[in-house]
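Undergrad: here's my sequence, what's the structure:
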Amino acid sequence: MGQEEEKYLEDTVKDAIVPYWALLGITPDLNTIEKGKVTLLLPMKEELGTRFTDVMHGGAISSLIDAAAATCTSTLKPQDEEWAGWVTTDLNVSYLNAATKDVRAVATSIRSGKTVVYVQVDVFDSDERFIASGRVTYLILRPR
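TA: Numbering: from 1, shown residues only. Predicted coordinates for the structure are as follows:
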């Protein structure tokens with residue numbers, strides 16, 4: 001990947017960030033960006049806990065999965081195309097283990113077309129335990 005493409009992907013990922021993610025503490029790992037693949041990070045903090053403040057709430061994990069899929073989708077936008085945006089049309093999460101530490105979501109585009117993108121997202125904790133798996137469908141919105 002050339003420097004120009006790397007810069008474009010990094011800018012695209014930064015532009016995909018929304019305020020809600022900052023509220024949760026979600027950040028992209030800018031060192032892992034590829035076209036169709038990104039990693040997002042979410043630190044464990046008491047505010048994201050369940051009744052047991054040392055266990056991350058499933059809603060925070062689901063939000064991380066959606067954020068990772070959205071960011072992954074953003075990397076697929078060709079430089080010469082205009083998108084009005086992209087929206088989640090389907091989100092499915094399987095929880096495999098309780099998260100009690102910082103987590104990272106690795107999102108990979110598994111199929112993309114002109115209007116629909118399918119993304120697989122796997123979530124791991126800092127000990128590399130498999131926390132959750134998600135499948136997300138995004139609709140690409142075109143300018144009118």
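
Undergrad: what's next to stretch 114-123, contact-wise?
TA: The set of residues external to stretch 114-123 that reach it, using C-beta atoms under 8 Å, 6 or more residues apart in numbering, is 61, 64-65, 68-69, 72-73, 76, 86, 89, 99, 103-112, 130-140, 142. Using the backbone N, CA and C atoms, a C-beta is placed for each residue, glycine as well.

Undergrad: what of stretch 82-97?
TA: 58, 61-62, 65-66, 69-70, 73-74, 77, 116-117, 125, 129-144.

Undergrad: ok, of the contacts of stretch 114-123, which come out buried?
TA: For those, a burial check counting by 16 or more other C-beta atoms under 10 Å picks out 61, 64-65, 68-69, 72-73, 76, 86, 99, 103-109, 112, 131-132, 134-138, 140.

Undergrad: in strands, which of those appear?
TA: Among the buried ones among the contacts of stretch 114-123, the members found in strands (DSSP state E) are 86, 103-109, 112, 131-132, 134-138, 140.

Undergrad: how many neighbours does residue 10 have?
TA: The number of residues packed near residue 10 is 15, by other C-beta atoms under 10 Å.

Undergrad: and it, helix, strand or coil?
TA: Look at residue 10: counting by DSSP: H, G, I helix; E, B strand; the rest coil, its state is helix.
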